[in-house]
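1. Let's see this in three dimensions:
(chains A, B, C and D, ligands or ions: 4)
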Amino acid sequence: MRELTYIAAISEAISHEMERDPDVLVLGEDVGGDFGGAFKVTRGLAARFGDRRVLNTPLVEQSFIGMANGMALMGMRPIVEVQFADFISSGFDSIVQSAATIHYRFGGKVPWVIRAPSDGGIRSGPFHSQNPEAWFVHTPGLKVVAPSNPADAKGLLCSAVRDSNPVIYFESKPLYRSLRGPVPDGEHLVPIGKARVVRPGTHLTMVAYGAQVPQALSAAEELATGGIEAEVVDLRSLKPLDFETVAESVTRTSRALVVHSANRLAGVGAEVSARISEECFEWLDAPVTRLGGLDVPVPFSPPLEDAYRPDARKIAAAARRLAAY
Amino acid sequence: MRELTYIAAISEAISHEMERDPDVLVLGEDVGGDFGGAFKVTRGLAARFGDRRVLNTPLVEQSFIGMANGMALMGMRPIVEVQFADFISSGFDSIVQSAATIHYRFGGKVPWVIRAPSDGGIRSGPFHSQNPEAWFVHTPGLKVVAPSNPADAKGLLCSAVRDSNPVIYFESKPLYRSLRGPVPDGEHLVPIGKARVVRPGTHLTMVAYGAQVPQALSAAEELATGGIEAEVVDLRSLKPLDFETVAESVTRTSRALVVHSANRLAGVGAEVSARISEECFEWLDAPVTRLGGLDVPVPFSPPLEDAYRPDARKIAAAARRLAAY
Amino acid sequence: MSDPLGSQIREALFAAPARPDEPEPQPESGEAPADLPDDLRIDLYRWMRLTRTLDNTMVDMWKQGRGLGGTFSGRGHEGISVPMAMALGPDDVIAPMHRDVGSYLVRGMTPARVFGNLLGRVTGPSEGRDANLHGMGDLSLGIIGYVSHIPQQIPITLGMAMSFRYRGEPRVALTACGDGGTTTGPYHESLNMAALYSAPMVLVVQNNQYAYSTPLDQQMATFAITERAAAYGLTARTEDGNDVEAMFRSIKAAVDRARSGGGPTVIEARTMRMLGHAIHDGAEYVPRELLERWEARDPVDHQRRRLLSEGVSGEAGLAEIDAWARAEINAAVAEAEAAPFPDPGTVSDRIYA
Amino acid sequence: MSDPLGSQIREALFAAPARPDEPEPQPESGEAPADLPDDLRIDLYRWMRLTRTLDNTMVDMWKQGRGLGGTFSGRGHEGISVPMAMALGPDDVIAPMHRDVGSYLVRGMTPARVFGNLLGRVTGPSEGRDANLHGMGDLSLGIIGYVSHIPQQIPITLGMAMSFRYRGEPRVALTACGDGGTTTGPYHESLNMAALYSAPMVLVVQNNQYAYSTPLDQQMATFAITERAAAYGLTARTEDGNDVEAMFRSIKAAVDRARSGGGPTVIEARTMRMLGHAIHDGAEYVPRELLERWEARDPVDHQRRRLLSEGVSGEAGLAEIDAWARAEINAAVAEAEAAPFPDPGTVSDRIYA
Ligand SMILES: Cc1ncc(C[n+]2csc(CCOP(=O)(O)OP(=O)(O)O)c2C)c(N)n1
Ligand SMILES: Cc1ncc(C[n+]2csc(CCOP(=O)(O)OP(=O)(O)O)c2C)c(N)n1
Ligand SMILES: [Mg+2]
Ligand SMILES: [Mg+2]
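-> Ligands and ions are numbered 1, 2, ... in the order given. Reported below is the predicted structural model:
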């Protein structure tokens, strides 16, 4: 299969969906024209689909997401780009109060996708490195996905566009151009709400998503040289969460390590850990371990950011402790 | 000791602090004049301290909280009222991006308190019943407290006003006038970051906060008639979290039930549960159980809201299952 | 911090029962008739009367303890909420606010369903999930349910209008906000975009001089709502919100303009909230004489007098309408009170579409 | 969706090197001198030169791969960022934005500390915690660090100004935002409040015709930034942002007015961002000839020529300043590059005060 970068897979998914469905449009800051967004994800779309379907908005997250709510209520399928995931907080009400509640409250459908370029490790500081997914996983009525590789990046985005609900799509900036992989041509859907075992193993289960999946995989390779076989589960969807796949793995390995780049404290990992403890209690041979960002804003300077953030080395170390428990 | 309602204790704390420190002021929607706020918490303050120190603002959470950030940076100590906790999302950036990060990023101090009337059970529907504390517990740089009784309501608020950091104070609307209790006159401080065992017990530990503490206590009374002695830990502070007190209890009882009114999924209870499983693993005789709101907006109609929300009856039932595990 | 000059200006702006210094508003589009047909004028009255009767009944029920939770009266706003919906075509959409029960009724939501929502019954449009006049959406009627967070209805309406532009559909989206709503950030963001994109939308600012307990002069230094709106580059005008015919003409002209590609309009309707902010609020902060002055300009009575004095209708005909409204509402209450509460087993249904 | 007329209007507004149809701005308060003292005029040049030299050096370093992360050039904005700080008194406070390195320098932050921040060293004001020109707060210098979320600096500044009012202190708070910033919600909310409370604050709108890649005509239907601001009831005026003396006069007048209880002012400074949005951005979307026209109006060169032609300073004196700036910046870079990175063991320190 041909290989694409993670970011090219995202672009391909968007143009595939725009081609397929005239109700799909793109909007956000700087997404239009020849420019095509801060990360050039939407470059070329305006030329191909016209300025109307690739709309540059003013700097107004609350209102352009609110506008997407209205478009979606009328049956359009906006793909909204927030320039960095960090700026999703500026449109918070339009997401958590409006889009998230409309279907439950009166049956309206809000089929949009917000693309949120997230995560750090690339020296961007506290306002361009955030991983705010926990806010949205906690909020009823939303769906949240976070692809870890190019094929899923395409397949989850296409599924998100076709979903009848508001879906927040956290794409990992550190993977944009650093990760290449096979991506099916043409139609390719990855179902929302299904995790995937990306590496089989027997001694412990690593549960991760987004940019921490490659880190977990590389930790697993290193561990394997020392005889520890880690199974790696890629959550892919954070909400709905495919807990069955996690449980199936943990009940086999009896040890679980949950990893994400987001702040550990009250992060999505807390939910996963709590559920493992609740539902796999009898199988556990060791306490579930969580790795995540420290309880501080993402710092800029390399030694600080490296101290802040999980990576393959820290994962391997935690896994060794866990395996030895 | 004289008894006050929960809401009177809040009012007393505010006037006590305004009396003590001329830098303390109150601002928010409708807080001023003879009116004194949607719940009348600030009634009488304008007459006593002048209109300037009890400021009615326009309907602009983002900017009046942002304004409080600036006042606080200059050494004032604003007590900000959001009319309902539900509307705190409208000022989200000013809290999670600005106030929360300023000290870490360059050492500025932001000593405000946001008072957020939260929680439901009183038929107020999805937009006047929310418990959004998890968003803020996950965010580095904030402090979060949630009193469960009149004495703590006063003591935590006075401490919050004097704290040098942004503190979000979740007051429980269902307790406002339904709960009376002894409240020390004059100076009374409850330290932020200290939980309290509000009922000793031996068979299991209930961890709760806010309006679920009275529910847990009444469940505990009921359980006692059946021979189950539940210890009840009132967290009081959600961030920083006093995990030592929780661990001390759970290592004695070997069983833990975590309860809050907020949505259970990825709520604060997930963090508490995960930490118990991590740090008390060897002591646990049963999986940690969580009770919280369902993964839907808080519904209005009584049968739906009752189905949505934990209460003494559900707590007792869960505790019985846990004790029998 | 309140500016004493501010309250004087406010008095000057709102005190006089009529504002003779302002010319009668003239419809700007030829499509909006200067002279309204008699049956339309009577219909405006009919819907206002039904709205008022519903409102009175609701207030009485809540005072009698037959309500559930809180609720919002729109008393005094009937001259706005009714024409907001009457001026729309069947394919247009409306996102009303918390006092706009008239808009729901005109749009075809039955009083029984309205009371069903108020009473938390499964027969309400939110099926017991949302409270009072929130969440009463029904897309088959072109109605978007209210989101409490002010002014969420505005960007939603902008988006609906934009979808019509995208698809080339001759439809219009209309919404409203209060004087309080005009001070919020998304109001500014959305009006700027509406002008920029020439969105086919209409926004009615229901300036009732208070946001909850906060009077205009504690909300803004100048009351130039129309001027501020016009500075975005859209059409803006001020109307007497208690004159239902003027409101109808103005909204209709704006709707027609939007439909024909003329872009968005903001209409400031000046009025007064006659009861408290919500049912529990006695509104002691509103000067009694201000209320008395506005009581004399009651929009329902005003229309009634006008129909009689201009010979459009006789006393008997109007009495018949009043009786019809009474009967409709009585039947609706009976139906709603007899309706079941939702099954708690359904609480988690329909979280996703 | 972009309006072709819009771009024509923009051309008309911004094309001419000078705008002879607009009268020279006159300071409105007697306190701001119409004729600036010579040493002040030279000082304006000195700080602009230091700012420009820092900026050029930064851009070169980043191109050479000696940078860390991204960064923002303020080239072309020196005529705004320098007088923003020069017009303030020692007890006043400033909340600069991401291109305002000149404000930091004038306020007393050493170039070595600025480079320390840019390079993630412990010697930067954020001690390696915040990136580029973010988080460079130093309260001892009256500087508030930048919050990325636009326009957070505005409500913060309003709050600082309000604290001065509360305490009766004769202090002023100043901040800036871009043309993009004027479209945001909190801009509207905060200006309305600033006017309502007569807050002693000054806001400089740095209208550089683009928000990242988005030109003015895709941001707003009319470019009436000053008119929109004035509609809140505060003082608003437009200035040539590339004329540092005009900017100084205007800001100084606004600061004096604010200090003497005259309330807030918005000053729109028209200018052009001469490089990309950030260091990685080639800004291909900006027409080259637009840049050429504005290059001819370079604010630093302009002031240099003015000082020479009006005999305020000789070539030698200015060359000395230029050399001083070069030496200062070279030394600062050397110092910053030699400075240590923060100790990772401190990463969790100072999360709470
Ligand atoms: C963001 C937000 N903050 C606070 C509230 C609480 N609230 C509900 S209505 C209201 C006053 C609204 O005033 P206005 O916009 O003038 O409308 P009116 O009720 O007068 O018709 C307030 C403060 C809210 N709904 N949304
Ligand atoms: C709320 C928010 N959304 C998006 C961004 C990303 N962003 C950074 S600067 C910028 C453009 C700012 O334009 P303008 O306000 O005109 O300032 P300029 O950079 O031109 O000086 C954008 C979109 C941001 N900082 N804040
Ligand atoms: Mg109002
Ligand atoms: Mg700009």
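2. and after whichever helix or strand residue C:161 is part of, which helix or strand comes next?
-> Here residue C:161, judged by DSSP states H and E, is contained in helix C:153-167. Toward the C-terminus, helix C:153-167 is succeeded by strand C:173-178 as the next helix or strand (DSSP H and E).
3. elements contacting that next one?
-> Helices and strands touching strand C:173-178, by 3 or more CB pairs under 8 Å, 6 or more residues apart in numbering or on different chains; DSSP states H and E, are helix C:78-86, strand C:93-95, helix C:153-167, strand C:201-207. No exception for glycine: its C-beta is placed from N, CA and C like everyone else's.
4. one more time with 7 Å
-> On a contact count with 3 or more CB pairs under 7 Å, 6 or more residues apart in numbering or on different chains; DSSP states H and E, strand C:173-178 meets strand C:93-95, helix C:153-167, strand C:201-207.
5. Do the second one and chain B come into contact?
-> It refers to helix C:153-167. No - contact of helix C:153-167 with chain B (CB under 7 Å from any CB of the partner chain) is absent, the minimum separation being 12.9 Å.
6. mind listing what the closest residue in space to residue A:177 that isn't next to it in sequence touches?
-> Distance criterion CB to CB, 6 or more residues apart in numbering or on different chains; nearest residue to residue A:177, sequence neighbours excluded, is residue A:5 at 5.3 Å. Contacts for residue A:5 (CB atoms under 7 Å, 6 or more residues apart in numbering or on different chains) come out as A:150, A:176, A:177, A:179, A:180.
7. Try it again at 10 Å.
-> Contacts for residue A:5 (CB atoms under 10 Å, 6 or more residues apart in numbering or on different chains) come out as A:11, A:150, A:153, A:175, A:176, A:177, A:178, A:179, A:180, A:181, A:183.
8. ok, now residue A:42?
-> Neighbouring residues of residue A:42 by CB under 10 Å, 6+ apart: A:10-11, A:14-15, A:18, A:26-28, A:30-33, A:35-36, A:49, A:54, A:79, A:81, A:115.
9. picking up where we left off before, can you give me the distance of the residue nearest to residue A:177 to residue A:180?
-> With the distance defined as CB to CB, to the nearest Å, residue A:5 ends up 5 Å from residue A:180.
10. so what's in contact with these two at the same time?
-> residue A:150.
11. Point out the residues in the stretch 151-300 of chain C that sit beside chain A.
-> C:151-167, C:169, C:171, C:173, C:175, C:184-194, C:196-197, C:199, C:201 (CB under 10 Å from any CB of the partner chain).
12. Whichever of these end up buried, select them in ChimeraX.
-> To isolate the buried ones among those in ChimeraX, judged by 16 or more other CB atoms under 10 Å in any protein chain shown, type:
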select /C:151,152,153,154,155,156,157,158,159,160,161,162,163,164,165,166,171,173,175,184,185,186,187,188,189,190,191,192,193,194,196,197,199,201
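13. Check what pLDDT the residue of the stretch 101-250 of chain A found nearest chain B gets.
-> Chain B sits closest to residue A:138 of the stretch 101-250 of chain A, with a gap of 4.2 Å, by CB to the nearest CB. Note on residue A:138: pLDDT of 98.
14. list the contacts for it?
-> A:96, A:144, A:239, A:266, A:268, A:271, B:132-135, B:138, B:262-268, B:270, B:295.
15. Name the residue of the stretch 251-353 of chain C with the shortest distance to ligand 3.
-> Across the stretch 251-353 of chain C, the shortest distance to ligand 3 (CB to the ion) belongs to residue C:273, at 6.3 Å.
16. what does chain A give?
-> residue A:93 (19.6 Å).
17. and for the host helix or strand of that residue, what are the contacting residues?
-> Here residue A:93, judged by DSSP H and E, is contained in helix A:92-93. By CB under 10 Å, 6+ apart, the residues outside helix A:92-93 that reach it are A:61-62, A:65-66, A:99, A:132, A:135-136, A:139, B:61-62, B:87-93, B:96, B:135, C:147-152, C:155, C:185-186.
18. tell me the contacts of the nearest residue to residue A:193 once chain neighbours are set aside?
-> Of all residues not flanking residue A:193 in the chain, residue A:240 sits nearest, at 4.3 Å (CB to CB, 6+ apart). Applying CB under 10 Å, 6+ apart to residue A:240 gives the contacts A:137, A:143, A:144, A:145, A:192, A:193, A:194, B:265, B:295, C:351, C:352.
19. 8 Å instead?
-> A:143, A:192, A:193 (CB atoms under 8 Å, 6 or more residues apart in numbering or on different chains).
20. In strands, which of those residues appear?
-> residue A:143 (DSSP state E).
21. that's a helix at residue C:99, yeah?
-> No - assignment of residue C:99 by DSSP: H, G, I helix; E, B strand; the rest coil gives coil, placing it outside any helix.
22. since we're on it, how many residues are nearby?
-> Using other CB atoms under 10 Å in any protein chain shown, residue C:99 is surrounded by 25 other residues.
23. sec struct for the residue of chain C found nearest ligand 4, please.
-> Residue of chain C nearest ligand 4, by CB to the ion: residue C:192 (15.2 Å). Counting by three-state DSSP, the backbone at residue C:192 sits in helix.
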